[in-house]
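Peer 1: below are the sequence and a predicted model for it; my questions follow.
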Amino acid sequence: MKDKASSLDFYAFLHANREALAGSFIKKVYQVSPPDSFLFQLHSPPVSSRLMLFIALRKGGIFLKDVERPEEPTSLAMMLRKMLGDRKILEVQQVNFDRVMRFSLSGNGEVVFEMFREGNLIVVQDGRIEYALNPPREWRNRKILRGEPYVPPSLSDPSAFGAQEISSMLASSSASLVQTVATRMNLGGEFAEELIHRIALTSRRLRPRALAFRNPF
């Protein structure tokens, strides 16, 4: 059993649930156990059906399910309700086929869930960070700081790569084929190994000693 969801798991979740999530309204937010996990109570018109969206940041999980809630909401949950309550979810997307989910909200807002390493919940207003769950961080290409523009961890979308881009990526990498596919295409080691295995088998049947690599998306 996997400890964490992969980028492909997030892709599958959105493929199955995007229509149910888009158009719904955030009504309540709960901070649940463990404390880096959150439950969003969503209402979807016109029949006002209720959806419970559970997000575990550190474990990298996102599910449509209900979990046990505290009797009294935490101060963080109350703050998030104030920031996000009654906002309509306009669009739900996976950012650059990474373990990052972005909910575009009415009023030019966003809530971003980064579900890798320790995880993070980031509220964005008018393109700039208004709140981040974890302490401020700075990297070479991005800053998670209040008032800074939100920049995702991965700046390219591997699911949009063409054959030439994939060939250039593989040719320029000093890592192994599996490592390159796992990290540069955000597939993770398990799926990268399986993909290379299957493509290698196919290429041996079709073109000996050639790797017929095509984008799997």
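Peer 2: Cool, got the structure.
Peer 1: so where's this protein uncertain?
Peer 2: For the chain, the stretches with pLDDT under 70 are 1-3, 47, 155, 188, 200-217.
Peer 1: residue 71: neighbouring residues, count only.
Peer 2: Counted with other C-beta atoms under 10 Å, the neighbours of residue 71 add up to 4. Where C-beta positions appear, they are placed from N, C-alpha and C, glycine not excepted.
Peer 1: mind checking how far it is from residue 51?
Peer 2: According to C-beta to C-beta, to the nearest Å, residue 71 stands 22 Å off from residue 51.
Peer 1: next one: phi and psi at the residue most central in space within the chain?
Peer 2: Nearest to the geometric centre of the chain sits residue 100, at 2.3 Å (C-alpha atoms, centre = their mean). The phi/psi pair for residue 100 (degrees, to the nearest 10) reads phi -140, psi 130.
Peer 1: what's the closest non-adjacent residue to it?
Peer 2: Nearest in space to residue 100, with sequence neighbours left out and distances taken as C-beta to C-beta, 6 or more residues apart in numbering, is residue 114 at 5.2 Å.
Peer 1: who's in contact with that neighbour?
Peer 2: Neighbouring residues of residue 114 by C-beta atoms under 8 Å, 6 or more residues apart in numbering: 57, 99, 100, 120, 121, 122, 153.
Peer 1: where do the domain boundaries of this protein fall?
Peer 2: 7-144, 158-206 (automatic domain parsing).
Peer 1: show me how far the last one is from its chain's centre.
Peer 2: Average the C-alpha atoms of domain 158-206, do the same for its chain, and the two points are 21 Å apart (C-alpha atoms, centre = their mean, to the nearest Å).
Peer 1: cool, stretch 97-114 as well?
Peer 2: The answer for stretch 97-114 is 9 Å, by C-alpha atoms, centre = their mean.
Peer 1: and it, end to end?
Peer 2: Terminal residues of stretch 97-114 lie 12 Å apart, using C-alpha to C-alpha, to the nearest Å.
Peer 1: next, the buried residues of that stretch.
Peer 2: For stretch 97-114, burial by neighbour count (16 or more other C-beta atoms under 10 Å) applies to 97-105, 109-114.
Peer 1: with stretch 160-171 instead?
Peer 2: 161, 166, 169.
Peer 1: turn those into JSON lines, columns for secondary structure.
Peer 2: Below are the buried residues of stretch 160-171 laid out as JSON lines (DSSP: H, G, I helix; E, B strand; the rest coil):
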{"residue": "161", "secondary structure": "coil"}
{"residue": "166", "secondary structure": "helix"}
{"residue": "169", "secondary structure": "helix"}
